[in-house]
Structures are given as structure tokens and as C-alpha cells.
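Peer 1: model this:
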Amino acid sequence: MEQLAPEIRFDEAHAGKKLRRLNYEKKRFLDSIKVFAYNLKNQMCRLLLNHYDREKELLPALSMIVERTGYVKLEGGRLEVTLRRFKDREIDYAARHLCEELNQMEPTTLDRFHFPIRYQVQ
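Peer 2: This next block holds a predicted model:
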């Protein structure tokens, strides 16, 4: 270790690879997505807090609801998203009410058809 220089160039340390310039547009786009996802998660937690009393377990409960498998069906010009039931009654209650609140926002798909979306628990 004593024989090594205190500082060496990046390309010498990484077998001739050059340090790439940072693509600021790409970084800005990815940072925007991260901020949007963070704000969305916070808003969903605020909505769920109205129907789920355990504040410390709010994030795991939200994850259980959002990652739940279910069915997606296009029926009568409306996209129906149906989640499977939850064994935990409190989570099931919170998921049903969260779906109701989301439905009140009248969401639509982002494609050219703009189908209305309806969320429900089986």
C-alpha cells in the first residue's frame, strides 16, 4: 500500500474507462419521477389514514393494498379493477374505502381512449 500514489486518475483505476459526463436532462427526468412517486405515496397514506387507525402500520398496509393481485376487465367502456379480498378485516375495510375515494376522483386511463377507471374490492 505504501508504494501506491495517494491519488490516481479515474481511467487508470478502471482499466482505461473514461468518466462519463452527467446527462442532466435524464437525471432531472428521473428525479421528477422520484418526487412524483414520493408525493403520490404521501397522498395515498393521507387518504388511507382516514380509514385505518394504526398510523405506524400505514405504509405496510398501503403496500398490501397497492400490490394486491386482482382482475382488470374492460366492460361497457369502463375499466374495472377488482382487488381480491383481504383476510384482515381492518385492511379490507380500509381498501374498500380507499377504492371509494379513488372512484370519487373519476380517474381515466392515460391512453387515447380515456376509459373511466373503477376500483373495487371483491
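Peer 1: now the helices for this structure?
Peer 2: Ranges of helices within the chain are 10-13, 24-49, 58-66, 89-104, based on DSSP state H.
Peer 1: looking at those helices, spot the one closest to residue 120.
Peer 2: Checking the helices of the chain against residue 120 by Cβ to Cβ gives helix 89-104 as the closest, at 5.5 Å. Bear in mind the C-beta positions are built from the backbone N, C-alpha and C, glycine included.
Peer 1: hmm, back to that, as a markdown table, the helices of the chain with mean neighbour count would be great.
Peer 2: Converted to a markdown table, the helices of the chain look like this (neighbours: other Cβ atoms under 10 Å):
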| stretch | mean neighbour count |
| --- | --- |
| helix 10-13 | 10 |
| helix 24-49 | 11 |
| helix 58-66 | 16 |
| helix 89-104 | 17 |
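Peer 1: measure residue 76 to residue 50 for me?
Peer 2: For residue 76, the distance to residue 50 equals 30 Å [Cβ to Cβ, to the nearest Å].
Peer 1: and these two? which has more neighbours close in?
Peer 2: Legend: neighbour count by other Cβ atoms under 10 Å for residue 76 and residue 50, higher for residue 50 (11 against 8).
Peer 1: for the more buried one, what are its contacts?
Peer 2: 97, 101 (Cβ atoms under 8 Å, 6 or more residues apart in numbering).
Peer 1: that one and residue 91, how far apart?
Peer 2: Taking Cβ to Cβ, one finds residue 50 at 14 Å from residue 91.
Peer 1: now swap in residue 79 and tell me
Peer 2: Counting by Cβ to Cβ, the gap from residue 79 to residue 91 is 24 Å.
Peer 1: pull out the buried positions in stretch 102-114.
Peer 2: residue 102 (16 or more other Cβ atoms under 10 Å).
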